[in-house]
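Q: can you look at this prediction? I've put the sequence above it.
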Amino acid sequence: MVKKTLVRFGVSIEGDILARFDARIAKHRYTNRSEALRDLMRAEFVQLDWEASSNVVVGIITLVYDHHKRGLVNQLLNLQHDFPGSIICSQHVHLEHSLCLEVLVATGQARQLRVLADEMKAKKGVQFSSLNPAGYGAARPSVTAHNEHIHLKKST
Ligand code: NI
């Protein structure tokens, strides 16, 4: 392994943000700020590399939405049916009277997952949305899926 040269740099930051960062890294048992900062940067790069990858990847889309919003449930379902990759499985949790939590495990190219997640996020009534990497490489949904609800393609 090639030994990398460490580079020092100064950071200017508001005191309250730094205090919160220090409290956080103490809680996570970091011995210094450098290691904590390195981990934050690495985590950001993992996400960026994953999104830039042209491989078929697995991603988790999490949504919280108001199911009373007119037409929203159908709009979200249509987006899933039109998704060029595959929705491996989805889990729906009725959080409270009007709020639903939905977790979708999807496979496809990362940029396609990003488009799906962004389109869902942009719908009126969606209060929270995130896309998280779950893995690289070709997923085999037919092997891994335990579907209770399958979104068949419109065209097939
Ligand atoms: Ni619900």
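A: Nice, thanks for sending it over. Numbers count the residues shown, from 1 in each chain.

Q: other SSEs contacting whichever strand or helix holds residue 61?
A: Element membership for residue 61 (DSSP states H and E) is strand 56-66. Counting contacts by 3 or more Cβ pairs under 8 Å, 6 or more residues apart in numbering; DSSP states H and E, strand 56-66 packs against helix 72-82, strand 99-109, helix 110-121, strand 126-135. C-beta coordinates here come from the backbone N, C-alpha and C atoms, glycine included.

Q: tell me which of these lies nearest to residue 92.
A: Nearest to residue 92, of all the helices and strands packed on strand 56-66, is strand 99-109, at 5.2 Å by Cβ to Cβ.

Q: how about the residues of the protein by the ion?
A: Taking Cβ under 5 Å from the ion, the part of the chain that reaches the ion is made up of 94, 100.

Q: hmm, who's touching the strand holding residue 61?
A: The set of residues external to strand 56-66 that reach it, using Cβ atoms under 8 Å, 6 or more residues apart in numbering, is 50, 72, 76, 85, 88, 95, 98-110, 113, 116-117, 120, 123, 125-139.

Q: could you dump the helices and strands packed on strand 56-66 to CSV with mean neighbour count and mean pLDDT?
A: Below are the helices and strands packed on strand 56-66 laid out as CSV (neighbours: other Cβ atoms under 10 Å; pLDDT from 0 to 100):
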stretch, mean neighbour count, mean pLDDT
helix 72-82, 16, 95
strand 99-109, 19, 95
helix 110-121, 18, 94
strand 126-135, 15, 90
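
Q: in TSV: the ones you listed, plus distance to residue 6.
A: Output for these, formatted as TSV (distance: least, Cβ to Cβ, whole Å):
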stretch	distance to residue 6
helix 72-82	46
strand 99-109	36
helix 110-121	31
strand 126-135	28
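
Q: how about low-confidence regions in this protein?
A: 1, 135-156 (pLDDT under 70).

Q: cutoff 80 now
A: Applying pLDDT under 80 to the chain flags residues 1-2, 53, 135-156.

Q: mind checking the longest helix of it?
A: helix 33-52 (DSSP state H).

Q: tell me the buried residues in that one?
A: For helix 33-52, the buried set under the neighbour-count rule, 16 or more other Cβ atoms under 10 Å, comprises 36, 50-51.

Q: quick revisit: can you give me the angle the strand holding residue 61 makes with helix 110-121?
A: 0 degrees (axes from the mean of the first three to the mean of the last three Cα atoms, to 10 degrees).

Q: sheet-wise, list the partners of strand 56-66 with their directions.
A: strand 99-109 (antiparallel), strand 126-135 (antiparallel) (DSSP bridges).
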